[in-house]
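J.: Sequence isn't available, so here's the structure alone:
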């Protein structure tokens, strides 16, 4: 295993251990978030000129899907502003545990056992997806949704311990966690034996002790036991609290987490299917030539919208999982493995590892299309965030021009092909040659559908 | 830095950035508005309000600072019967302009880019009061020609004779001077001029179609190719959406009007003709006039067409343009309308 | 500086070489033109009705080399057409049908979009111009199949 521990570089270690750089970046992000909400509430109702739409759904989304997640995994989560006000309220401090930690108005309950896993995040994502034609185009609706995120995160932090919103509720976090398995970055411990002999486990419990003062893992993970990226938010709290310098931030080969069999549940499998189905649906609605479909998706509350919503739900919760189940069962059959309920469930969950690279490739390919055609909105929105005629950075006069419109389709083909290659590889890696074939067939089918929608 | 001091600094920064930044931006806008008053006009599709506000006050001689923005689709802004340049309002793009009115009076501002079937209803009024100390009222405008002539705009005007084929303008024939006078040509319909020419000895020996050619020639000489070009531009921008690019009354919004006519209770409405007194609720809307119909057009005097454009209000969806176009603009438009009947030489 | 980096094994090197070969083959599949028969160029006229937020018809088929004229008739507000890949644009207002004329010298599937903000769903007002057989789609499908095979083969023991 070839890994490079970035924390061996003193500069990186200092920057990450110190609370200030992260705090300042998060603060800037929060200011941007507040500006987006205000722009949606008070600014122009024209989506393409509103900071609320352009900054969040074009700039941040494109950066997320094309750079942040593939390269840094949950790196966005480490600078995300949404849980910040909640964290301040919960911790009673902005910058780090003060000597007196009181829990006056915070309940600090543990997250209910039955709601663990990413099922709630799956539901939240599907819910937002049903209204996405509105959310992504209407500044007011966008502002209300973003404001709702902030409010829910705040309330969750007052009732539950740690970053429960991030771990169990955030719809964005659901897929960031899933796809973070592909990133070339990971946080692990250097030596598990050191953790075994450390009684206090300050990385999980927190500490008020001088140079190692810090909170117990806000994500509720035990760093010593981390083998995948999915539940580590890269917040660096454990780096600050570990008294034995046992935390490593490794550069590694992409997708190393896919080889892990542990912790793969049905919730993640469904997430993979939901993301794949959403990529197909979004490609059809937003990039397709079918006006009736777009109108139905937009007219929230009407009968056509109801039809669209039912169709969407049937696709992501019925058709795709059904086909995938068939593929998993066929694979079991081919490999001569049992077909009882428990084995099928396991096969379903394990095979879903192929959906991780395929899904990210699908979303990257989709994002390329709308990013390229909407990029020129960004200088305008930055210079005139409210659509009030300002020109803060001189970019307000930039006209709309789709960029690289000829180069995008071949790029999409390459990205999707890469995703299929990786998916096939992971499926074989996890299940073995024969058993993986039907699932690879499923991935090819989905890939063909995406190709037809994006490039056909 | 000791923990408490760091915490205080962090809290200060948080307040500054998260609260201060947006508040600062909003304050900046309030202050700049306070320092020099500006009237903000939002342009929306007519069913969402049109121009908001729809009425503005100003003082003659004093600058009126306007901030214009469209909230949905492409609109435009122009003030009728003035020289102020037209402004395109792209959605979300705020434009500032300053207008100075020399003369007091009521000015109409209009939307200049089609923003829906009711686009022509999207108008507002600027009420310009006389400057302090002055009470002089602007000189009253001359009444439109149809009033002077006593023409009934709402009466049907079928032509008694029509040409067998579309006449091409014939010029260069010697005709008595009275046929060329502007007063005569504006007050008489082409059919009337044809009848006058037919019974005039100067056309002895010509057949009926040749006389129509003379009529077309008179119409050609009462205008210039440049005026026809300007009329064409006015037509394309303001009229074609209802009356059709080929003048046949089948513009993109014509079917809307015809649909309204089917639904209306005034079953007596005849296509192309007015339904006098039938508009109880003002919605007896019919299909727009067909300018290629010779019977209808050739029986209309230019002054009649001029009057219909000025006044509108025939109980159809035809708007009034009297406060929006200058008199000369309307004449150019009328001159252009004859190109649907005659082959006239137009400028390029 | 001592980096805890292990040396790259020969098996890894072989795998890397395989990946390079794969990349070259993939690029070849993508880049090489397909020798497909083409019909003689013809004149084609299309009359599109543009309303918020769709074109009618929304999908146009032509052959490569055809001289294409697209007329756009705006039905409610100011619309227009921007053609991806060809980088051509025209604006159409109700009452002023606009026309775009060009030679379809590039084959493939090209989206055309509305270039003038015409309401909330404006960024998604999209149609498609299909010129000749969509070679990129076929190549993409072939590449996808190749990728699946490569994925399976790369883990051969």
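T.: Right, received. Where do you want to start? For clarity, every value in this text was computed on a predicted model and none was experimentally measured.
J.: how does chain C divide into domains?
T.: With domains defined by automatic domain parsing, chain C comprises C:11-35+C:138-153, C:43-132.
J.: Pick out the shakiest of these, pLDDT-wise.
T.: Taking each of the domains of chain C in turn, the lowest mean pLDDT turns up on domain C:11-35+C:138-153, with a mean of 83.
J.: now that one, how far from the centre of its chain.
T.: Centroid separation for domain C:11-35+C:138-153 versus its chain: 21 Å, with Cα atoms, centre = their mean, to the nearest Å.
J.: near chain A, which residues of chain B show up?
T.: Within chain B, the residues that sit near chain A (Cβ under 8 Å from any Cβ of the partner chain) are B:3-4, B:6-7, B:10-11, B:13-14, B:17-18, B:21-22, B:25-26, B:29, B:67, B:69-72, B:91-96. Where C-beta positions appear, they are placed from N, C-alpha and C, glycine not excepted.
J.: of those, buried ones?
T.: Among those, the ones that count as buried by 16 or more other Cβ atoms under 10 Å in any protein chain shown are B:6-7, B:10, B:13-14, B:17-18, B:21-22, B:25, B:67, B:69-72, B:91-95.
J.: Give the bridge partners for the residue of chain C found nearest chain A, please.
T.: Proximity of chain C to chain A (Cβ to the nearest Cβ) peaks at residue C:54, 2.3 Å away. Listed by DSSP bridges, the beta-bridge partners for residue C:54 are residue C:51.
J.: Spatially nearest residue to the residue of the stretch 201-350 of chain A found nearest chain C, not counting backbone neighbours?
T.: Nearest residue of the stretch 201-350 of chain A to chain C (Cβ to the nearest Cβ) works out as residue A:291 at 2.3 Å. Nearest non-adjacent residue to residue A:291, counting by Cβ to Cβ, 6 or more residues apart in numbering or on different chains: residue C:54, 2.3 Å away.
J.: again, but for residue C:72
T.: Counting by Cβ to Cβ, 6+ apart, the residue nearest residue C:72 is residue C:92, at 4.1 Å.
J.: That neighbour in helix, strand or coil?
T.: strand (DSSP: H, G, I helix; E, B strand; the rest coil).
J.: Residue B:78 now?
T.: strand.
J.: Mind pulling the model confidence for the residue positioned nearest the centre of chain A?
T.: The centre of chain A sits closest to residue A:176, judged by Cα atoms, centre = their mean, with a distance of 2.0 Å. At residue A:176, the model reports a pLDDT of 96.
J.: which ones are touching it?
T.: When contacts are counted by Cβ atoms under 8 Å, 6 or more residues apart in numbering or on different chains, residue A:176 touches A:64, A:69, A:73, A:74, A:76, A:77.
J.: cool, residue C:68 as well?
T.: Neighbouring residues of residue C:68 by Cβ under 8 Å, 6+ apart: C:44, C:46, C:60, C:62, C:101, C:102, C:103, C:104, C:129.
J.: Run a quick neighbour tally on the first one.
T.: Translated: residue C:44. 15 (other Cβ atoms under 10 Å in any protein chain shown).
J.: and it, what does it touch?
T.: With Cβ under 8 Å, 6+ apart, residue C:44 has these contacts: C:62, C:66, C:67, C:68, C:69.
J.: likewise the fifth one?
T.: Contacts here follow Cβ under 8 Å, 6+ apart; on that basis residue C:101 touches C:67, C:68, C:69, C:70.
J.: Now stretch A:349-367: buried residues?
T.: Those would be A:349-367, for stretch A:349-367 by 16+ other Cβ under 10 Å.
J.: rewinding a little: mind checking how far the residue nearest to residue A:291 is from residue C:112?
T.: 12 Å (Cβ to Cβ, to the nearest Å).
J.: Quick one: residues contacting residue B:166.
T.: By Cβ under 8 Å, 6+ apart, the residues touching residue B:166 are B:341, B:342, B:343.
J.: What is the burial count for the residue in the stretch 201-350 of chain A that chain B sits nearest to?
T.: Using Cβ to the nearest Cβ, the single residue of the stretch 201-350 of chain A nearest to chain B is residue A:213, 7.6 Å away. When neighbours are defined as other Cβ under 10 Å, residue A:213 has 18 of them.
J.: how many other residues sit next to the nearest residue to it once chain neighbours are set aside?
T.: Excluding the flanking residues, the one nearest residue A:213 by Cβ to Cβ, 6+ apart is residue A:97, at 5.2 Å. Here the number of neighbours of residue A:97 (other Cβ under 10 Å) works out to 20.
J.: Need the phi and psi values for residue A:97.
T.: The phi/psi pair for residue A:97 (degrees, to the nearest 10) reads phi -60, psi 130.
J.: Now do the buried residues in the strand or helix carrying residue C:139.
T.: Residue C:139 is part of helix C:135-153 when elements are defined by DSSP states H and E. Under the neighbour-count criterion of 16+ other Cβ under 10 Å, helix C:135-153 has C:135-137, C:139-141, C:143-144, C:146-148, C:150-152 buried.
J.: Give the other helices and strands that it contacts.
T.: Packing contacts for helix C:135-153, counted by 3 or more Cβ pairs under 8 Å, 6 or more residues apart in numbering or on different chains; DSSP states H and E, involve helix A:408-431, helix A:433-455, helix C:10-31, strand C:108-113.
J.: Name the residues of the longest one that are buried.
T.: The one in question is helix A:408-431. A:408-410, A:412-431.
J.: same deal with stretch A:328-344?
T.: For stretch A:328-344, by 16+ other Cβ under 10 Å, it's A:328, A:329, A:330, A:331, A:332, A:337, A:344.
J.: So which of those sit within helices?
T.: Using DSSP state H, A:328, A:329, A:330, A:331, A:332, A:344 are the members of the buried residues of stretch A:328-344 that sit in helices.
J.: Who are the contact partners of the nearest residue to residue C:149 once chain neighbours are set aside?
T.: Nearest residue to residue C:149, sequence neighbours excluded (Cβ to Cβ, 6+ apart): residue A:424, at 7.8 Å. Residues counted as contacts of residue A:424 (Cβ under 8 Å, 6+ apart) are A:354, A:436, A:440, A:443, C:147, C:148, C:149, C:150, C:151, C:152.
J.: before we move on, the earlier item: among the ones in helices among the buried residues of stretch A:328-344, which two are most distant?
T.: Using Cβ to Cβ, the pair of those lying farthest apart is A:330 and A:344, separated by 11.0 Å.
J.: what does chain C put close to chain B?
T.: C:73-78, C:93-97, C:116-119.
J.: hmm, try it at 6 Å
T.: Contact residues (Cβ under 6 Å from any Cβ of the partner chain) of chain C with chain B: C:75, C:76, C:77, C:78, C:93, C:94, C:95, C:96, C:116, C:117, C:118, C:119.
J.: What about the fifth one, how many residues nearby?
T.: By the other Cβ under 10 Å criterion, the neighbourhood of residue C:93 contains 24 residues.
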